[in-house]
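S.K.: Build me a model:
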Amino acid sequence: MPRVLRLALALVLLAALAIGTVASTSAGGPKILDARMTGIPTAGLVIDGVTGGGLPWVLDSGHAKLFADGRLEVEVEGLVLVRDGTNPVTSGHAIVTCNGAPAATSPNVPFSPSGDATVTTQVDLPASCLAPAIFFTTATDRWLAVTGF
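M.R.: Residues are numbered from 1 along each chain as shown. Predicted structure coming up:
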C-alpha cells in the first residue's frame with residue numbers, strides 16, 4: 001500500500017475516533033464516578049457531613065454512577081439490617097457529596113422489603129465536584145450504603 005494512502009487512511013480513522021468521542025461526551029457528559037457500594041459498618045458513622053443510620057446494614061450488591069451532566073444511577077440489592085436480615089424502611093433516596101459536603105439529593109424511591117431500590121434521576125451538581133461520593137439513605141437522610149469502599 002503506498003505510503004500516502006496509509007497516511008490518509010490513518011487520518012480518516014483518527015478523525016472518526018475523535019468525532020465519536022466528542023459525540024458521546026456531549027450526549028451525556030463523561031462519568032465522574034462509577035463505583036460499587038457497601039453497607040454502613042457501624043451505627044451513626046458520619047462521612048462528608050452525612051450521618052449514618054442507627055444500626056449496621058449489609059448489602060448483597062450495590063452500584064452507583066454519576067455523570068458530569070448530573071445524571072445519577074444508583075442500584076442497591078439486598079440492603080438489609082445486619083442483626084436480622086430485614087429491611088424495615090419503605091423508601092429512600094440518594095445523596096451526592098462533592099468537595100466533602102452534601103451537594104445534591106434525589107427524589108425518594110420505593111425500597112422493597114428485600115432491600116432493593118433503584119434511583120435514576122438528574123441532579124444539579126456544583127461547577128466543581130471533587131471527590132464525589134454517593135449515599136443511599138432513608139427518607140430522613142440517614143445513610144445505609146455508600147460508594148468508596
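S.K.: Can you tell me who the most centrally placed residue in the chain pairs with across the strands?
M.R.: For the chain, the residue lying nearest the average C-alpha position, counting by C-alpha atoms, centre = their mean, turns out to be residue 64 (2.8 Å). Taking DSSP bridges, one finds residue 35, residue 74 as the beta-bridge partners of residue 64.
S.K.: and it, how far is that from residue 43?
M.R.: 22 Å (C-beta to C-beta, to the nearest Å). Every C-beta, even on glycine, is put in place using the N, C-alpha and C of the backbone.
S.K.: Next: residue 54.
M.R.: Counting by C-beta to C-beta, the gap from residue 54 to residue 43 is 5 Å.
S.K.: Make sure residue 33 is actually in contact with residue 63.
M.R.: No - with contacts counted by C-beta atoms under 8 Å, residue 33 stays clear of residue 63, the gap being 10.6 Å.
S.K.: Looking at the two, which one has more neighbours?
M.R.: Taking other C-beta atoms under 10 Å, residue 33 and residue 63 do not tie; residue 33 has more neighbours (18 against 15).
S.K.: What's the per-residue pLDDT of that one here?
M.R.: pLDDT recorded at residue 33 is 97.
S.K.: list the contacts for it?
M.R.: Counting by C-beta atoms under 8 Å, 6 or more residues apart in numbering, residue 33 touches 64, 65, 66, 132, 133, 134, 147.
S.K.: same check, this time on residue 89
M.R.: 111, 138, 139, 144.
S.K.: Nearest to residue 128 among those residues?
M.R.: residue 144 (27.6 Å; C-beta to C-beta).
S.K.: The closest one touches residue 94, doesn't it?
M.R.: No - between residue 144 and residue 94 there is no contact, the gap being 11.0 Å when judged by C-beta under 8 Å.
S.K.: Need the overlap of contacts for these two.
M.R.: Shared contacts of residue 144 and residue 94, counting by C-beta under 8 Å, 6+ apart, come down to 136, 137.
S.K.: Which residues does the host helix or strand of residue 72 contact?
M.R.: According to DSSP states H and E, residue 72 maps onto strand 71-77. Contact with strand 71-77 is made by 28-29, 37, 59-66, 94, 96, 104, 106, 115-123, 134, 136, 144-145, as judged by C-beta under 8 Å, 6+ apart.
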